[in-house]
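J.: Predicted structure and sequence below. I'll ask about it afterward.
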Amino acid sequence: MRKASRVLVLSLIAAVLLSGSVFAQTKIVHWSFPMLDNEMEVLWKPLLEQFNAIYPDIEVQIEILPWAGRDERMLTAVVSGNPPDVVYLNEFFLQTFASRGALEALNNYIPEETLLARFPETLLGTGKIGGNYYLAPMLTGVVTNIYNRNIVEAAGWDVNNLPETWDEFLAFCADVQKWAKENGQAVWPVAYSASMEDTLNMTWFPILWQAGGDIVTEDGKKAAFNTPEGAAAMQFVKTLAEEGYIPESMITAGGGTDYFIGGQVAVIMGADAYVIAEMRDRDPKFDSYAVVGPILKGKERVTYTTLGAWAIFKNANNPEAAAKWIEFLTRPEINVQYNRITGYMSPIIGAPRLFADDPLLGVMEEQVQFGRGGMTISQERRVMDVLKRAQQAVMLGESGIEDALRSAEQEVNFILR
Amino acid sequence: MRAAKRGKTVLIYICLIILAVIFAGPFVAMFLVALQANPVVSAKDITLELTLDNFARVFKDSRLPRWFWNSVVTTVVVTVFGTFFSSLSAYVMAKKDFPGKELIFWLFLAVLMFPAHAWIIPMFIQMSRMGLVNTYWPFFLSGTSSAFGIFLLRQYIEQNVATDILEAARLDGCGEFRTYTRILLPTIIPGLVTLAIFLFIQWWGQFMFALIMTTSNDMYTLPVGVALLRGVAPSNLRFVMATTAVAVLPSILVFVFFQNYLMRGVAMQLR
């Protein structure tokens, strides 16, 4: 009897141990940054349920960290050799981590054909170094121009026929200025910020790209903006300032949304979905007069798109499981589900329109095709600061275009040396 | 002569009022925005239509109570034990002679010279290897050994505790620890309170250390939680300000009630 009970106990123990090994879960840690209120419940819980229905043996632990201090948090994790498996990165972090060899090439785990079938090459290429893809795009957003319908029409323009090119845009500015003067209106044609606080991704860089120029060379080792194209882009913003097309205070203090909401400018340049949300918040009548205009064309029609993407850290505990999670998240139907909830735009090829019913975001969604990412070098912020100063000096008339670009080039080359 | 003196006083008061407005302005603005009934994006949107709803939402919709608790636990433990351990070390540094004392003291001071960024990664590696990340232990271990506290109390003990009293206690049969508890501690209470206030304010508002040592929502302290909420609802300024107001209120109260000790502490460091 005693022997029988021993056998029974041992069998039970063996069964428990066996079942433990059969159902042992691979655990991965995923770092994300806050996108919305009650994010775990609204966003991640349903996604995890769907993922675990396919991969019951992989446990994903979502950790949502604050945006503030994220550089330090991620760098500490990488340097200490204890990073999470999956992380949310913007394109400007690519070099910071890739140059330290801290990221896994996604194409080692997800077939390149799968990635190329899902994302436009321009967007996927933002996360490409040396033939390897490091970023799996998850969300995007576009920077555009928002016009005030009332002022546009008063100045004799048609909201269905807004400026498409630089020349048309400057002609529009002249018309608005003329109308304002003739009618004694305190209205400026454009809200364009050259404040040191505002990112050039939303202001001068799109203009530089439209001129056919670029910020740094493809290898990221030298400045590329001191060119005729760079000079043309600088001349464009100088004209806006010189002709009095923008409120003077905006050159140093920004504040374009105040002018736009106050009905004091005809168009605000460099607006994204976040800016629209802010203005909608402030003015319930915003949609009645706001119109999204075309992306301007100099030599090219191009603008800046934000890129939010997933990446796998090199020291990930379970890179294979992490890749399965990323492959799942970037499936078209899952990506659309994610962006429908977070309010961003989907970077997936052929994704259904998420904002078709929104008169502003709906148009912006169509403009994503003209987007490109920003710099992916680790010195991105320092290079941008140099160019912010150069732009401001030119617009304030403190420096000539040639001098500003030349000295900025020297400074940037020193930073990139 | 009297008019000139009065003029000088008026001028000093005007300067003080201007400074008070400059320093108190952001706090007033924070509470004002937190109490607004309507959405606020810029200063123009602030009205006198006030409500407590934003504070109610902070407690209802966020993990704030949990973060508040984490901040209370970490700050109270660090403040109590940090003050205690600092006083022990400071006593030895001020009143005992042993070989290498000055060198050890200068090593303590050297710790103060390093910016947090220089030691936070080695500290994280250490905590991570000990399996203490996402627990209260990194706060306890790091916070209860305060080089600043040792420096501050050593100064205080040297200036306020006569060696003769300690020797007299020993002659009366007091052991080392009894001398410390019965004679030294009661004499240095103002210094202990000053250090406790400094530690409280420092650790209640500690962001970077808490951010690096925690990744779990349940282990965040208030500063990290507030930063998280700011990311979730950057356009909802009222909500963000209400959360921030709750987070800074304890520090403000400590400052208001114990400002004399704080001033004394600053003066002590300058001596």
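T.: Great, that's in hand.

J.: So for residue 239, what's the pLDDT?
T.: If you meant another chain, say so; for now it's chain A. With respect to pLDDT, A:T239 has a value of 97.

J.: um, chain B though
T.: On pLDDT, B:F239 comes in at 84.

J.: For it, pull up the helix or strand it's in.
T.: Using DSSP states H and E, B:F239 sits in helix B:237-270.

J.: Got the domain ranges for chain B?
T.: With domains defined by automatic domain parsing, chain B comprises B:2-34, B:63-270.

J.: now the first one: mean pLDDT?
T.: Domain B:2-34 comes out with an average pLDDT of 90.

J.: for that domain, the distance to its chain's centre please.
T.: Between the centre of domain B:2-34 and the centre of its chain there are 25 Å (CA atoms, centre = their mean, to the nearest Å).

J.: what's the answer for the last one, then?
T.: Relative to the centre of its chain, domain B:63-270 is centred 7 Å away, using CA atoms, centre = their mean.

J.: does chain A sit close to it?
T.: Yes: counting by CB under 8 Å from any CB of the partner chain, chain A has neighbours in domain B:63-270: B:117, B:120-121, B:124-125, B:128, B:133, B:207-208, B:211-212, B:215-217, B:224, B:227-233, B:235. For every residue, glycine as well, the C-beta is placed using N, CA and C.

J.: where's the closest residue to chain B within the stretch 151-300 of chain A relative to A:T257, distance?
T.: The nearest approach of the stretch 151-300 of chain A to chain B comes at A:R282, 4.7 Å away (CB to the nearest CB). Note on A:R282: its distance to A:T257, by CB to CB, to the nearest Å, is 7 Å.

J.: Specify which residue of the two has the higher count of neighbours.
T.: Ranked by neighbour count (other CB atoms under 10 Å in any protein chain shown), A:R282 and A:T257 place A:T257 first, with 22 against 19.

J.: what's the nearest residue to that one if we skip its chain neighbours?
T.: In space, and not counting its chain neighbours, A:T257 is closest to A:M279: 5.5 Å by CB to CB, 6 or more residues apart in numbering or on different chains.

J.: residues contacting the one you found?
T.: Residues in contact with A:M279 (CB atoms under 8 Å, 6 or more residues apart in numbering or on different chains) are A:T257, A:F260, A:I261, A:F286, A:A290.

J.: Out of these, flag the one nearest to A:T144.
T.: Of all the contacts of A:M279, A:T144 sits closest to A:A290, with 11.1 Å by CB to CB.

J.: Tell me which residues touch the closest one, please.
T.: By CB under 8 Å, 6+ apart, the contact set of A:A290 is A:I146, A:Y147, A:N148, A:R149, A:I276, A:M279, A:L360.

J.: Next SSE downstream of the helix or strand encompassing B:G191?
T.: Using DSSP H and E, B:G191 falls within helix B:189-204. Downstream of helix B:189-204, the next assigned helix or strand under DSSP H and E is helix B:208-213.

J.: So which elements touch that next one?
T.: helix A:70-79, helix B:116-129, helix B:137-143, helix B:222-232 (3 or more CB pairs under 8 Å, 6 or more residues apart in numbering or on different chains; DSSP states H and E).

J.: Mean neighbour count, those: which tops it?
T.: Comparing those by mean neighbour count (mean count of other CB atoms under 10 Å in any protein chain shown), helix B:222-232 comes out on top with a mean of 24.

J.: from the domains of chain B, which stretch is densest packed?
T.: Mean neighbour counts for the domains of chain B (mean count of other CB under 10 Å) peak at domain B:63-270, with a mean of 18.

J.: Distance of B:A245 relative to B:F239?
T.: Counting by CB to CB, the gap from B:A245 to B:F239 is 11 Å.

J.: and the nearest residue to B:L229 once chain neighbours are set aside, what does it touch?
T.: Using CB to CB, 6+ apart and skipping residues adjacent in sequence, the residue nearest B:L229 is B:T243, 5.2 Å away. For B:T243, the contacting residues are B:V58, B:S62, B:L64, B:G225, B:V226, B:L229, B:R230, by CB under 8 Å, 6+ apart.

J.: pretty sure the last one contacts B:V240?
T.: Think B:R230. Yes: B:R230 lies in contact with B:V240 (CB atoms under 8 Å); the separation is 5.2 Å.

J.: How many neighbouring residues does A:E333 have?
T.: 11.

J.: Who are the contact partners of it?
T.: For A:E333, the contact set (CB under 8 Å, 6+ apart) is empty.

J.: confidence score at the residue of the stretch 301-417 of chain A found nearest chain B?
T.: Across the stretch 301-417 of chain A, the shortest distance to chain B (CB to the nearest CB) belongs to A:T342, at 11.2 Å. We have a pLDDT of 86 for A:T342.

J.: In space, what's closest to the most centrally placed residue in chain B - neighbours in sequence excluded?
T.: Nearest to the mean C-alpha position of chain B, by CA atoms, centre = their mean, lies B:I201 at 1.8 Å. Of all residues not flanking B:I201 in the chain, B:S251 sits nearest, at 5.3 Å (CB to CB, 6+ apart).

J.: And that neighbour, how far from chain A?
T.: 18 Å (CB to the nearest CB, to the nearest Å).

J.: give me every residue that touches that residue.
T.: Contacts of B:S251 (CB under 8 Å, 6+ apart): B:F200, B:I201, B:W204, B:G205.

J.: can you confirm the residue nearest to A:T257 is in a strand?
T.: No: using DSSP: H, G, I helix; E, B strand; the rest coil, the secondary structure at A:M279 is helix, not a strand.

J.: Would you mind writing the CA trace of stretch A:56-69 as CSV?
T.: What follows is stretch A:56-69 as a C-alpha-only set of coordinates in CSV (Å, rounded to 0.1, in the frame of the first residue of the first chain):
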residue,chain,number,x,y,z
PRO,A,56,0.6,30.1,-26.9
ASP,A,57,4.2,29.3,-25.9
ILE,A,58,5.5,32.9,-26.1
GLU,A,59,4.7,35.2,-23.3
VAL,A,60,5.1,38.9,-24.1
GLN,A,61,5.6,41.3,-21.2
ILE,A,62,4.7,44.8,-22.3
GLU,A,63,6.5,47.6,-20.3
ILE,A,64,5.3,51.1,-21.0
LEU,A,65,8.0,53.7,-20.2
PRO,A,66,7.7,57.5,-20.2
TRP,A,67,8.9,59.4,-23.2
ALA,A,68,11.0,61.6,-20.9
GLY,A,69,14.5,60.2,-20.4
